[in-house]
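Asker: Sequence and predicted structure are below.
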Amino acid sequence: MPKTKQYQIINARVEVCSGGPDPAIIVAEVELMPQTAKGKPVFYTLSEAEGMPAFYKTKESVFDKLMNPDEDEDVISDIVNKHTLYEGESYDDFFENHKDIECYEGLRYLIYIMRADWDKTKAFIKKTKGKLLNEIDIPKSDVEEDWENGEDED
């Protein structure tokens with residue numbers, strides 16, 4: 001059985017980008033440090049609009065770029081075209097077919113910090129910074145619980 005990569009949580013953040021009459025876009029990002037001899041930080045980012053998730057993996061933060069999508073549409077296109085790990089109409093397929101998804105627990109972490117109450121999110125991020133991803137218990141998000149219970153997402 002292949003050895004699973006270990007990741008230390010360096011930082012995480014989440015914000016809502018309100019587009020006025022457009023649907024709100026929520027962006028969450030976690031910076032992870034692979035526990036290898038040549039480990040360099042990796043960023044996993046989740047962007048959600050109207051319940052449709054898109055996950056990205058990058059070598060540097062794209063959080064601010066995703067929070068201000070109108071500033072440079074070419075940059076956003078580059079992120080989407082080169083760094084997408086998963087995108088879908090809902091989270092159902094993500095949970096259903098997660099076995100081949102890279103850093104699944106890191107992506108579950110993002111879903112939780114995005115979907116939890118803001119007070120819980122802040123406390124959870126503070127509590128988990130500096131810890132190894134596999135050493136923390138990531139609570140189930142509302143969409144994960146709905147999927148487990150066979151409920152359709154709103």
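Answerer: That came through fine.
Asker: where do the helices sit along the chain?
Answerer: For the chain, the helices defined by DSSP state H occupy 63-67, 73-83, 92-96, 104-115, 118-128, 142-148.
Asker: from the ones you listed, which stretch is densest packed?
Answerer: The highest mean neighbour count among those, using mean count of other Cβ atoms under 10 Å, belongs to helix 104-115: a mean of 21. To be clear about C-beta, it is placed using only N, CA and C from the backbone, and glycine gets the same treatment.
Asker: got the contact list for stretch 143-151?
Answerer: Stretch 143-151 is contacted from outside by 90-92, 95-96, 108, 111, 115, 140, 152-153, using Cβ atoms under 8 Å, 6 or more residues apart in numbering.
Asker: One more: stretch 13-24?
Answerer: 25-29, 49-50, 63, 66-69, 113-114, 121, 125.
Asker: Quick check: residue 63 vs residue 15, distance?
Answerer: Using Cβ to Cβ, to the nearest Å, residue 63 is found at 8 Å from residue 15.
Asker: same thing with residue 9?
Answerer: 18 Å.
Asker: what does residue 139 give?
Answerer: Taking Cβ to Cβ, one finds residue 139 at 20 Å from residue 15.
Asker: Residue 145 now?
Answerer: 24 Å.
Asker: rewinding a little: for residue 63 and residue 15, list the residues in contact with both.
Answerer: Counting by Cβ under 8 Å, 6+ apart, the residues touching both residue 63 and residue 15 are residue 27.
Asker: What residue, apart from its backbone neighbours, is nearest residue 32 spatially?
Answerer: residue 7 (3.9 Å; Cβ to Cβ, 6 or more residues apart in numbering).
Asker: who touches that neighbour in this structure?
Answerer: Taking Cβ under 8 Å, 6+ apart as the criterion, residue 7 is in contact with 32-35, 42, 103, 106, 132-134.
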